[in-house]
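Undergrad: got a structure for you, letters missing:
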Ligand SMILES: Nc1nc2c(ncn2[C@@H]2O[C@H](COP(=O)(O)OP(=O)(O)OP(=O)(O)O)[C@@H](O)[C@H]2O)c(=O)[nH]1
């Protein structure tokens, strides 16, 4: 492990010299005057993804870092979710796009929207897809590798942020039927039937891996199976991620020391077997080592960037906003209805 990467409590001093996390502390007079000036554009825009088995705390780490919040009983991520945060490090302003990528085999869906009231899809291999009626039919349940669990026509506000016509709704989306102008859409929950279906799910999430300059792989120190899943995640990284992506293994839920089943040494050993992978333990709940995870990644990514490149060019070369989900070429021809 890199001795420079010392575990620090938030605000505990030390850690990343020259780096400050972009939070929103009370503004001084000078700062509030400065607020009227247009914000300086980011020098770099970087994409980081957080992966790991279900319930390890990916969303919690992301939300702790971006919003400094922690939710005791958050909803499981459906597909992907993301947050933005601007940080400053070594005099550079860096716009971070952090994606939380769920596992296709463990996606579950819980929503309070009336169309799903009384329906809770848990532990199913689900893709939640939306098709706007005037767009080509690309629902997975039209593919024999997917089994349609339910498919409903609903009204959605045009402003709803669909990730794509064939893709995911993040768990933050709402599907309102509140009388405002709506588009007609079909919402489909489809089970991934088999390995081929899983492959297809992966082919969508692979876009997120490809664009990532940094990858945070998380396990839960109190859950053996989440540690045993790590080789599976490494396969995804090997298959889809860029070779120069920075890797960081995180053993989360350090606050649950009494329930620990994975020792720190086990985590360290796993990371040491993978070239260039760093390791740390953290707690999203106690806000322990969370800023350090992301700031360390950013620092390592910056170290790898060519110094002489003009910042505009560099920005563009690094920028990877909203990766387009990859549509597999072998899509079947559209059908009129999926179920
Ligand atoms: N004690 C403790 N609980 C945590 C911590 N991080 C997350 N949790 C809890 O673990 C559960 C799962 O957290 P999530 O952040 O939703 O995990 P996830 O990996 O995003 O889960 P999926 O979206 O289902 O893949 C929630 O009940 C969190 O409150 C932590 O550091 N300590």
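TA: Everything's here; your move. Since this is a predicted model, take the numbers as computed values, not measurements.
Undergrad: how about the strands in the stretch 151-300 of the chain?
TA: Ranges of strands in the stretch 151-300 of the chain, per DSSP state E, counting those that start in this stretch, are 183-192, 214-220, 246-252, 277-281.
Undergrad: now for the third one, which elements pack on it?
TA: Secondary structure elements in contact with strand 246-252, counted by 3 or more C-beta pairs under 8 Å, 6 or more residues apart in numbering; DSSP states H and E, are helix 58-67, strand 214-220, helix 264-272, strand 277-281, helix 290-304. C-beta: built from backbone N, CA, C; applies to glycine.
Undergrad: which bits of the stretch 151-300 of the chain sit near the ligand?
TA: 252-253, 255-256, 283-285 (C-beta under 6 Å from any ligand atom).
Undergrad: returning to what we had before: buried deepest among the helices and strands packed on strand 246-252, which one?
TA: Highest mean neighbour count among these (mean count of other C-beta atoms under 10 Å): strand 214-220, with a mean of 26.
Undergrad: ok so, going back, of the helices and strands packed on strand 246-252, which approaches residue 51 most closely?
TA: Nearest to residue 51 among those is strand 214-220 (5.6 Å), distances taken as C-beta to C-beta.
Undergrad: in its sheet, what does that closest one sit against?
TA: Strand pairing for strand 214-220, determined by DSSP bridges: strand 44-52 (parallel), strand 246-252 (parallel).
Undergrad: Reformat the helices and strands packed on strand 246-252 as a markdown table; add mean pLDDT and distance to residue 95.
TA: Formatted as a markdown table, the helices and strands packed on strand 246-252 follow (pLDDT from 0 to 100; distance: least, C-beta to C-beta, whole Å):
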| stretch | mean pLDDT | distance to residue 95 |
| --- | --- | --- |
| helix 58-67 | 93 | 12 |
| strand 214-220 | 96 | 13 |
| helix 264-272 | 97 | 28 |
| strand 277-281 | 96 | 22 |
| helix 290-304 | 93 | 11 |
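Undergrad: mind checking which of those is nearest residue 94?
TA: Across the helices and strands packed on strand 246-252, closest to residue 94 is helix 290-304 (C-beta to C-beta), at 5.7 Å.
Undergrad: Next, the angle from the closest one to strand 44-52.
TA: 130 degrees (axes from the mean of the first three to the mean of the last three C-alpha atoms, to 10 degrees).
Undergrad: elements contacting helix 290-304?
TA: Short answer (3+ C-beta pairs under 8 Å, 6+ apart): helix 290-304 packs on strand 44-52, helix 58-67, strand 80-89, strand 92-101, strand 214-220, strand 246-252, strand 277-281.
Undergrad: pLDDT on the fourth one, on average?
TA: Looking back up the chat, that one is strand 92-101. Mean per-residue pLDDT for strand 92-101: 87.
Undergrad: Report the buried residues of it.
TA: 92-101 (16 or more other C-beta atoms under 10 Å).
Undergrad: mind showing which ranges of this protein have poor pLDDT?
TA: Along the chain, the model assigns pLDDT under 70 to residues 1-36, 74-81, 102-205, 307-339.
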